[in-house]
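> dropping a prediction and its sequence here:
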Amino acid sequence: MADRLTPDSPRTPVPPGLDALRGGTTPHSSRAGSAGLDRRGFLASSALAAGAYGLLAGCASESSGPQAKGSGEAPKEVFTSPATKLSGSLSILMWSHFVPRHDTWFDKFVADWGKKVGVDVRVDHVNTVDVPRRAASEIQAKRGHDLIQHIAPLSQYEPSVLDMADVVQEANKRWGQQQELCRKSSYNPNTEKFYAYCPGWTPDPGDFRRSMWQKVGMPNGPASWDDLLRGASEIKKQTGVPCGIGLSPETDSNMAARALLWSFGGSVQDENEQVAINSDATIAAVEYMTRLFKEAETSEVFSWNPASNNQALIAGKSSYILNSISAWRTAMSTNREIGDDIFFVPALRGPKAALAAQHVIQQWIVPTYAGNADAAKEFLLHYTANFPAVTYHSEMYDLPAWPSLVPQLNGWLDDDPWGAKPANKLSFLKDSVSWSANIGYPGPSNPAVGETFNTHVLPTMFGRAARGQASPKDAVAEAEESIKKIFDNWRSRGLIGG
Amino acid sequence: MTDVKTEAEPVEAGGRRERPKVGLADRDGFLAWVMLLPSVVYIIALVGIPFLLAIAFAFSDVTTGDPSFDFVGFANFGDVFDDRVFWRSLRNTLVFTVISMLLIVVFGKILANILVADFRGKWFVRFLVLLPWTTPVALSTVSWLWFLDSIFSPVDWVLRNVGLIDANVVWLGQPGTAMASVIAVHVWRLTPLAAVIVMAGLIAIPKDLDEAARIDGAGFWRRMFEVTIPLTMPVIAVAALFGAILTFTDMTVPYVLTRGGPTHSTDVLASWAYFRGIEGGDVGQGAAIALFLFPLLLAAAVAILRAVRRLEAR
């Protein structure tokens, strides 16, 4: 079984450059060193690390990251004794955070907790795109990690995971009501089960280059989708730099598609989990995207992976993208001047709403095979109680599902501890929950929504119309056909309502 | 006088000659099985069992989150056949396979001819030629991802600087160029394998046949089409078979380069099976899509091997 992770365990020093490559397919264990690394292992690790870097560089990589302004600002960690005596071991599978500083903090944090409560803890960080396939294989094999974390809803695993209602109830008792978008991303109203525990999330604002938008008289960026079409088209005309709303089969394009759809009043499903994609609002959104592509974009948005829009924004090859604050944090650490030119806007206003999808939604699941579920649940409460440290060490990337936990958040957003210029650059995030929604909005994030997301039905719908491969009406009808089949399939398994 | 020992076969008490003891290591039949056993175990464990599992999954409602097995008959196949992306992927797979196979064979033959020629530094050139095949596919494809990047492509940079293009081509952002890129990378990767296979055939041709053709006045092209190619045709067919199978079942190149985009124009059966089965969570439908590869592959393999046998019988 796993070795005990202690703060004193010898750790292999990781050069700053390599630290950013942690998102490789090969898991890096918080207790693992490289002493036994052979040539083949080295080559395989290098290859996989290079691949992961290529794919996730923009999202993931701050080689060293900005430094905190004051050394004494890190929140103090709290410890509450577990309700029951814990023992044994606990293995955790989780992503390599886009902000490497978080993982450095987390590994020590979990080790300290293990030491205090007498549990041997092992943490395996893997590239986020590898978490679902690892989770799937472990659940099929009925053995593996006791606790699995992912950054998108894991609703399809509901039949094979423990109900987390007791943890959520305890958290609600301690810290008040959970944010609605977090609850909707972890609770199945049809089976009344919390298939996951969601202590935090990350918003998905618009990121723009102020110097470009200044030239078209919009120094504060677009406020609405109409502004975006007008301003981005003008920037492209004047400078040749296109807008960067993706239309390819990847996560950011999927998020952008949902933001556009909801802002025009459309949605994949209604609040009762019935397919609602085929509507005048959806057709209007598709027509808008067709215009935006023709007037303000180029074919490159069809070729993008999750890192591409970040890279394009930083390279000055995109005027506007939809992404988290990680692109900007990356620029802050590599080229301060570019970082200072990147600004943000909340969800763009459409004819019906101003909504954006959550960028990251924390999902912690405990598979039914887990050998130490008690320790897993106790750790989750301890982790949640220390969410101020999570937010701080993720450089404001992770926001709390229980807002009362991080009273200092607004202060940090007004005066960024990591050196934003201006210091209140992130203050727009203070009301981010009001313009953010779960990916199943207005319903819950069920497995049908997940499969619709992962088979890229919406980017295909927008893309086919934008390319002229189908009329907006036909593209929507095609999407409806695919989505209905997906919903019927999952409905027959009793996992969605209706 | 010294005693001279004569080696006589031992005689048993009853006067019968004793046979020398034959160990297990001396038995050809036993040894053959021992040598074959690792391969048999490997094939059963890593090909046979997963194949049977895929058949079972294709007739079940298994999902990534629910491993419990319930028989659903042909429902998954019905759903798959109703899916327009499946048919698009099937068409893409056939285009991807046929074009790749033709190019792999043609380039493999050309490369093999170069590799059997005598010139200084031949071994170094052979090493370089084999590199694309020996490099891990994920690594080489990620390198191509950068080569074909919409913004930072060195290929576009070169083409721009020699005046062939004004703006970046965006290779992976348009259906035609995306498919061409996927095929090109695959051909680049598999051509060395075909070259080595054909090279073995070329080396096996008796030199006197070639010399006789030369004496009879046959030029390079005549010798190529009337001597070399007919004699190496069975080997070329094997190279084509390998090329077809490795292309038909490949998902790494399309997955890493385009993830099936733009708008499913490079999705192949293997990648679509992965998207539906693992990322989408519906293992049953994913298995049904993947299983569709089997009859097509079997038919292609039988056809090519029959053609080879006919050629050998001539």
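It's in. Numbers count the residues shown, from 1 in each chain, chains lettered A, B, ... in the order given.

> for the closest residue to B:Ala167 other than its chain neighbours, what are phi and psi?
By the measure of C-beta to C-beta, 6 or more residues apart in numbering or on different chains, the closest residue to B:Ala167 outside its immediate chain neighbours is B:Arg160, 7.8 Å from it. Backbone N, C-alpha and C define where each C-beta goes, glycine included. With angles defined as degrees, to the nearest 10, B:Arg160 sits at phi -60, psi -40.

> next one: A:Leu322
Backbone torsions for A:Leu322, taken as degrees, to the nearest 10, come to phi -110, psi 120.

> count of residues packed around the closest residue to it other than its chain neighbours?
Of all residues not flanking A:Leu322 in the chain, A:Ala256 sits nearest, at 4.6 Å (C-beta to C-beta, 6+ apart). Using other C-beta atoms under 10 Å in any protein chain shown, A:Ala256 has 27 other residues around it.

> gap between A:Ala256 and B:Pro262?
15 Å (C-beta to C-beta, to the nearest Å).

> try B:Trp272
Using C-beta to C-beta, B:Trp272 is found at 15 Å from B:Pro262.

> can you list the weak-confidence ranges in the chain?
Assuming you mean chain A. Applying pLDDT under 70 to chain A flags residues A:1-72.

> let me rephrase: I mean chain B.
B:1-20, B:312-314.

> re the thing from before, export the host helix or strand of the residue nearest to A:Leu322 as CSV, just CAs?
Secondary structure from DSSP states H and E places A:Ala256 in helix A:251-263. Presented in CSV, the C-alpha positions along helix A:251-263 are these (Å, rounded to 0.1, in the frame of the first residue of the first chain):
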residue,chain,number,x,y,z
THR,A,251,-13.4,22.3,-23.8
ASP,A,252,-13.1,26.1,-24.3
SER,A,253,-15.1,26.0,-27.5
ASN,A,254,-17.8,24.0,-25.6
MET,A,255,-17.9,26.6,-22.8
ALA,A,256,-18.1,29.5,-25.3
ALA,A,257,-20.9,27.8,-27.2
ARG,A,258,-22.9,27.5,-24.0
ALA,A,259,-22.3,31.2,-23.0
LEU,A,260,-23.5,32.3,-26.4
LEU,A,261,-26.5,30.0,-26.4
TRP,A,262,-27.7,31.0,-23.0
SER,A,263,-27.2,34.7,-23.6
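
> does chain B sit close to the helix or strand following it?
Using DSSP H and E, the helix or strand that follows helix A:251-263 in sequence is helix A:280-296. No - Helix A:280-296 lies out of reach of chain B by C-beta under 8 Å from any C-beta of the partner chain, never closer than 11.2 Å.

> burial measure for A:Asn446, as a count.
A:Asn446 sits with 29 neighbouring residues when counted by other C-beta under 10 Å.

> what's the burial count for the nearest residue to it once chain neighbours are set aside?
In this structure, A:Asn446 finds its nearest non-sequential neighbour in A:Ile496, 4.5 Å apart by C-beta to C-beta, 6+ apart. Residues contacting A:Ile496 under the criterion other C-beta under 10 Å number 28.

> let me see the contact set for A:Ile496.
A:188, A:190, A:273, A:446-448, A:487, A:490 (C-beta atoms under 8 Å, 6 or more residues apart in numbering or on different chains).

> tabulate those (TSV), appending secondary structure and distance to A:Lys294.
Converted to TSV, the contacts of A:Ile496 look like this (DSSP: H, G, I helix; E, B strand; the rest coil; distance: C-beta to C-beta, whole Å):
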residue	secondary structure	distance to A:Lys294
A:Asn188	strand	41
A:Asn190	coil	41
A:Glu273	coil	35
A:Asn446	coil	35
A:Pro447	helix	35
A:Ala448	helix	32
A:Phe487	helix	32
A:Trp490	helix	36
